[in-house]
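Student: only the shape, not the letters, is given here:
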């Protein structure tokens, strides 16, 4: 699966291991995020975006995983998040 992250990294001519080092994450984690097998948390996505001179919204237009389990879309990532907290682990409102 070719993701926006992979396309951007290749366009910049950076190896996966170099990009991972720049983002301060393990190479295997970078690979999982880049291939779409796993979605990064917001803090990791921000570091990856910085490593690729990009933005989280550009790299993950579908959103990133928040620590509480709530997905934020690109419009939420810009500010004013209104995510439904009932989707968090436990499901209580």
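Tutor: Happy to help now that I have it. Computed from a predicted model, the values in this text were never measured in an experiment.
Student: return the helix or strand in this protein with minimum mean pLDDT.
Tutor: Least confident element among the helices and strands of the chain, by mean pLDDT, DSSP states H and E: helix 74-78 (a mean of 43).
Student: contacting residues around stretch 6-21?
Tutor: 22, 26-27, 29-31, 34-35, 48, 51-54, 58-59 (C-beta atoms under 8 Å, 6 or more residues apart in numbering). Heads up, the C-betas are built off the backbone N, CA and C, glycines and all.
Student: swap the cut-off to 7 Å and go again
Tutor: 26-27, 30-31, 34, 51-52, 54, 59 (C-beta atoms under 7 Å, 6 or more residues apart in numbering).
Student: ok, stretch 30-39 next?
Tutor: Defining contact as C-beta under 7 Å, 6+ apart, one finds that stretch 30-39 is touched by 1, 3, 5-6, 16, 19-20, 23, 40, 48, 64-65.
Student: okay, these in TSV with secondary structure and pLDDT next?
Tutor: Converted to TSV, the contacts of stretch 30-39 look like this (DSSP: H, G, I helix; E, B strand; the rest coil; pLDDT from 0 to 100):
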residue	secondary structure	pLDDT
1	coil	58
3	coil	87
5	helix	94
6	helix	95
16	helix	96
19	helix	97
20	helix	97
23	helix	97
40	coil	90
48	helix	96
64	strand	74
65	strand	71
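Student: burial count for residue 51?
Tutor: Residue 51 has 22 neighbouring residues, counting by other C-beta atoms under 10 Å.
Student: need the contact list for it.
Tutor: Contact analysis of residue 51 by C-beta under 7 Å, 6+ apart lists 19, 22-23.
Student: swap in residue 22?
Tutor: Contacts of residue 22 (C-beta under 7 Å, 6+ apart): residue 51.
Student: how near is it to residue 56?
Tutor: Per C-beta to C-beta, to the nearest Å, residue 22 is found 16 Å from residue 56.
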